[in-house]
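Give me coordinates for this.
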Amino acid sequence: MEIFTDIELPDYTPSIPPDYSSTPLPGEQCIQRAPRETTHFRENYAFTYEDHGMSLTLRGCRQEDGIPTFGLCSTVYGEFAPADRKKVVSVTVKLEAQVRVKTRSGLLLHTLFSKERLLWRRSDSTSDMCPSLLPVSLSFPSAYRDKDHGRSRRLPPSMSVKKPCRVAIVHSLNVVVRKISCPIFSQTRDVRLSAHLRYSPRVRPPRPSPPCFSSIKICPEEWQEEIWGMTKAPSSEGEEPLMAQCHLFVPSVRVFSSSEIVPFHISFCASASFLRSIAGHVSRSDICLEKPIRVFLLRQTTVLIGHQKDIQEDVLGTGRVFPNPMTAIEPISDNTVTQSWDGEIHCERPIEYSSFTTSVVEVKDFLVLSLLTPGPLQSIPPQLYQAFPIRLVTHPWIDRS
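Next up is the predicted model:
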């Protein structure tokens with residue numbers, strides 16, 4: 001066998017590693033950016049509940065108004081310490097959400113979801129004793145099954161309102177302990193320990209709104225046009241109906257944070273006779289001939305019980321407009337005048353939860369155009385307003401890049 005004692009290695013030419021940069025060079029373009037993994041800081045609060053000698057401790061929670069608070073798909077975890085362990089037959093924990101409506105006939109309960117888990121059960125051995133500490137772990141689902149409509153819906157947040165009636169969405173964690181009450185007859189009884197939870201997911205817009213309407217020339221896809229056509233019947237036979245048209249441009253994202261200022265643009269095309277005709281049927285203080293279009297944010301809360309529907313409408317903010325004669329639309333007839341305004345609007349009242357839908361209670365948000373002063377839509381004639389659905393969320397957009 002031949003053995004090599006000296007091995008000659010090839011000569012390697014020193015090479016310079018390539019220069020990688022996230023900033024495009026001249027002539028290059030960034031076509032996609034992968035978001036960097038961010039560190040999520042857990043708010044480490046602990047809550048302890050005690051009753052009937054039992055103890056339940058929840059850990060790793062957010063805290064809002066002294067209540068353990070959980071976000072989207074969060075896990076409720078902690079420990080449960082039972083009492084009279086020799087008498088315990090089984091321990092079950094249940095995470096559930098209910099809609100509670102106070103009516104004249106009493107309290108109406110509607111369960112959205114209920115998730116149950118067995119923590120411990122006594123075996124056939126009579127000497128088997130429940131452990132002194134049992135781990136608890138249950139996660140909130142992102143959605144639930146609406147049995148009334150046969151579809152999946154997003155799990156609504158915890159909420160409580162007094163109008164149009166007293167209604168609340170309650171999330172709770174219940175521990176049910178089955179104990180032997182009479183050993184001779186093998187009778188058992190259930191003892192409960194309940195913890196009131198708050199489910200409050202942090203909802204954000206998928207992308208930011210454009211800063212102003214002038215950006216429509218650069219990024220037209222960031223804007224969406226809505227058209228509101230109005231027709232006023234003639235006052236006498238032989239006359240043509242009076243018409244008007246309003247073009248609204250809003251950010252196409254249609255999801256806005258309650259803390260952000262939302263830009264918009266309005267072009268209004270109508271004849272003076274149309275406005276005079278409208279003003280003749282309402283109070284002169286309700287309509288402004290110089291700026292006839294009012295813009296406001298409206299939140300509509302609907303409670304549906306059987307065939308009875310109760311609605312509460314709240315104005316959350318009123319828009320401000322500024323004349324913009326540089327933009328216009330084609331007049332719909334020869335005797336019409338076109339007026340254009342840029343505007344901005346934001347929530348003037350804080351919101352604690354985003355809009356949602358259940359079979360009992362529903363919360364919707366609208367951007368409303370009206371010829372009258374802002375107010376509940378039930379007080380405005382239907383032909384004098386147009387409501388466009390949007391969604392208001394609790395937290396602002398953040399750049400995760």
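
Please count neighbours and contacts with C-alpha atoms only from this point.
Fine.

Run through the neighbouring helices and strands of the strand or helix carrying G229.
According to DSSP states H and E, G229 maps onto strand 223-232. Judged by 3 or more CA pairs under 8 Å, 6 or more residues apart in numbering; DSSP states H and E, strand 223-232 is in contact with strand 242-251.

and the strand it packs on, what does it pack onto?
Using 3+ CA pairs under 8 Å, 6+ apart as the test, strand 242-251 ends up in contact with strand 223-232, strand 262-270, helix 272-279.

from those, which stretch is densest packed?
Of all the helices and strands packed on strand 242-251, strand 262-270 carries the top mean neighbour count, a mean of 23, counting by mean count of other CA atoms under 10 Å.

coming back round to it: worst mean pLDDT among the helices and strands packed on strand 242-251?
Among the helices and strands packed on strand 242-251, helix 272-279 carries the lowest mean pLDDT, at a mean of 75.

Show me where this protein dips below the pLDDT cut-off.
The chain contains residues with pLDDT under 70 at 1-43, 125-127, 183-185, 215, 235-239, 279-289, 325-335.

center of it, which residue is that?
When the chain is reduced to its mean C-alpha position, the closest residue under CA atoms, centre = their mean turns out to be S354, at 2.7 Å.

Go ahead and confirm that one touches E362.
No - with contact defined as CA atoms under 8 Å, S354 does not count as touching E362 (10.8 Å).

if we can go back for a sec, with respect to A46, which of the helices and strands packed on strand 242-251 lies nearest?
strand 262-270 (38.6 Å; CA to CA).

Pull the residues that contact that closest one.
209-213, 243-251, 256, 293, 327-329, 331-332, 336-346 (CA atoms under 8 Å, 6 or more residues apart in numbering).

What strands line up against it, and which way round?
strand 242-251 (antiparallel), strand 337-345 (antiparallel) (DSSP bridges).

any idea how far D190 is from V175?
To D190, V175 is 10 Å away according to CA to CA, to the nearest Å.

Apologies, that question was intended for G375.
51 Å.

Then C73?
C73 is 29 Å from D190, by CA to CA.

before we move on, the earlier item: now tabulate the helices and strands packed on strand 242-251 in CSV and tack on distance to Y77.
Shown next, in CSV, are those (distance: least, CA to CA, whole Å):
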stretch, distance to Y77
strand 223-232, 44
strand 262-270, 39
helix 272-279, 61
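
so what's C165 up against?
101-103, 303, 310.

Farthest-apart pair in those, please.
K102 and D310 (12.8 Å).

out of the helices and strands packed on strand 242-251, nearest to G78?
strand 262-270 (42.2 Å).

Compute the inter-axis angle for the closest one and strand 223-232.
30 degrees (axes from the mean of the first three to the mean of the last three CA atoms, to 10 degrees).

chain center to strand 262-270: distance?
Distance, stretch centre to chain centre, for strand 262-270: 27 Å (CA atoms, centre = their mean, to the nearest Å).

what does stretch 180-191 give?
46 Å.

So which bits of that stretch are buried?
Buried residues in stretch 180-191, defined by neighbour count with 16 or more other CA atoms under 10 Å: I180.

List the neighbours of that stretch that are in contact with it.
52, 87-89, 176-179.

Likewise for stretch 208-217?
222-223, 251, 253, 256, 262-265, 342, 397.

quick one: contacts for G229?
243-246.

now it, which residues is it bridged with?
Beta-bridge partners, per DSSP bridges, of G229: Q245.

for Y77, same thing?
R59, S137.

for V315, same thing?
In beta-bridge terms (that is, DSSP bridges), V315 pairs with L298.

So it sits against V368, correct?
No - V315 lies out of contact with V368 (CA under 8 Å); the separation is 9.8 Å.

between the two, which one's more packed in?
Neighbours per residue, other CA atoms under 10 Å: of V315 and V368, the larger number sits with V368, 23 against 20.

How about the contacts made by the residue nearest to the more buried one when sequence neighbours are not counted?
Using CA to CA, 6 or more residues apart in numbering and skipping residues adjacent in sequence, the residue nearest V368 is A387, 4.3 Å away. A387 makes contact with 366-369, according to CA under 8 Å, 6+ apart.

which of those lies closest to V393?
F366 (12.6 Å).

What count of nearby residues applies to the closest one?
F366 has 20 nearby residues by other CA under 10 Å.

can you tell me how far the closest residue in space to it that isn't next to it in sequence sits from Q63?
The spatial neighbour of F366 that comes closest, neighbours along the chain excluded (CA to CA, 6+ apart), is P389 at 4.5 Å. P389 is 32 Å from Q63, where distance means CA to CA.
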